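>>> Need coordinates for the following:
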Amino acid sequence: MQKFFTSFIIGIVTIILLNNIQSIFIGLGLGIPLVTLITWILFIEVVVKILLFKAVPSLIINKTNLEEHTHLNIDIYLFNCYCRELNRIGFKKLVDYTSPSIKGMARLFYYPEYNCYAEVGMLAGTSSFCSIVSGFEQDWFFAATNNNSSTSNKAIAYAFLCLPRIMCKIFNEEPKLLFDSFLDWRSEVKNKLAVEIIAIADEEMYFTWESKKRKMQRQQLMHKSIVISLIKILLFSLNPKSEWMGDYSRTKLY
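Now for the predicted structure:
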């Protein structure tokens with residue numbers, strides 16, 4: 001009910017403001033078609049940005065356990081298979097966690113000898129997936145994942161949530177092969193950027209990374225053009241990508 005009233009108030013205020021803006025533009029001698037176009041662009045930029053900002057809240061982490069999420073009919077069998085495979089590789093479990101903004105959970109692992117985290121996640125309506133994450137100096141981060149979500153979800157993430165120094169690459173592989181691909185790619189990235197890998201510590205370090213990433217995403221949303229981002233979504237849908245390299249793709253190799 002609170003969300004309904006908030007959205008209702010935002011809508012009323014927006015309509016009032018847009019009507020006033022239209023009057024101002026018409027008073028400046030602009031034609032009706034041009035005024036209508038400008039008004040709709042402003043409407044999209046303001047209202048959609050507010051909705052997106054609400055859809056990407058500050059990160060809140062709550063500890064949980066698998067039993068609390070069985071009612072979501074999630075693929076628990078695959079989740080357990082991925083967890084067992086990570087254990088066989090050498091990863092150690094840290095914690096199960098969730099967030100109020102998601103329907104599901106994740107199990108976090110770490111491998112101190114290789115300075116990386118692994119995460120097995122499961123969300124309502126999707127298959128379980130595995131991601132392996134590492135960080136470098138100068139706030140460079142990257143993840144290798146087999147979370148090959150729908151093109152529309154990837155397009156939205158690409159247009160609105162990608163950050164310049166956070167890289168992601170999708171591999172259609174099980175955890176063992178995913179880990180091998182991750183290590184090969186990390187070696188390539190490390191050499192090209194000439195930076196050191198950050199030594200991992202515990203789950204608090206991982207959640208600090210994630211909180212920082214979410215904060216940067218929210219800040220970036222405030223400066224993005226929604227219209228341009230919608231064009232990016234369209235272009236992505238026409239030519240889907242399996243990796244997001246940010247500023248890394250423009251780094252020269254000396």
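>>> In contact with I198, which residues?
Listed by CB atoms under 8 Å, 6 or more residues apart in numbering, the contact partners of I198 are N115, S134, G135, F136, E137. (Each C-beta comes from the backbone N, C-alpha and C, glycine too.)
>>> I'd like to know which of those residues is nearest to Y82.
Distance to Y82, by CB to CB, is smallest for S134 among those, at 18.4 Å.
>>> these two touch, right, that closest one and R186?
Yes - under the criterion of CB atoms under 8 Å, S134 makes contact with R186 at 5.7 Å.
>>> Return every residue with contacts to both of those two.
The contact sets of S134 and R186 overlap at C116, F142, I197 (CB under 8 Å, 6+ apart).
>>> what residues are up against the closest residue to the last one other than its chain neighbours?
In other words, I197. With sequence-adjacent residues excluded and distances taken as CB to CB, 6 or more residues apart in numbering, I197 is closest to N115, at 4.9 Å. The contact partners of N115, by CB under 8 Å, 6+ apart, come to S134, I197, I198, A199, I200.
>>> filter those to the buried ones?
Neighbour counting by 16 or more other CB atoms under 10 Å classes S134, I197, I198, I200 among the contacts of N115 as buried.
>>> Confirm that Y114 sits in a helix.
No - Y114: not assigned to a helix; according to DSSP: H, G, I helix; E, B strand; the rest coil it is coil.
>>> Touching, it and D180? I think so.
No - between Y114 and D180 there is no contact under CB under 8 Å: 11.4 Å.
>>> Neighbour count for these two, which is higher?
Y114 (19 against 14; other CB atoms under 10 Å).
>>> Would you mind naming the helix or strand containing the closest residue to L52 other than its chain neighbours?
Leaving aside its sequence neighbours, L52 sits nearest to L221 (CB to CB, 6+ apart; 5.7 Å). If you go by DSSP states H and E, L221 is part of helix 203-223.
>>> after that helix comes which helix or strand?
Counting by DSSP H and E, what follows helix 203-223 is helix 226-238.
>>> Just the buried residues of that next one, please?
For helix 226-238, the neighbour count (16+ other CB under 10 Å) marks I226, S229, L230, K232, I233, F236 as buried.
>>> same check, this time on stretch 161-175
L161, C162, L163, R165, I166, M167, C168, K169, I170, F171, E173, P175.
>>> Surely the fourth one and W140 touch.
Yes - with contacts defined as CB under 8 Å, R165 counts as touching W140 at a distance of 4.9 Å.
>>> shared neighbours of those two, anything?
Listed as contacting both R165 and W140 by CB under 8 Å, 6+ apart are Y248.
>>> All the strands of the chain, residue numbers only.
All strands of the chain, identified by DSSP state E, fall at 62-63, 92-98, 104-111, 116-123, 129-136, 140-145, 166-170, 243-244.
>>> Make CSV from those and add distance to L52 and mean pLDDT to it.
Putting the strands of the chain into CSV (distance: least, CB to CB, whole Å; pLDDT from 0 to 100) gives the following:
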stretch, distance to L52, mean pLDDT
strand 62-63, 23, 92
strand 92-98, 22, 95
strand 104-111, 21, 94
strand 116-123, 19, 94
strand 129-136, 23, 95
strand 140-145, 22, 93
strand 166-170, 18, 92
strand 243-244, 18, 88
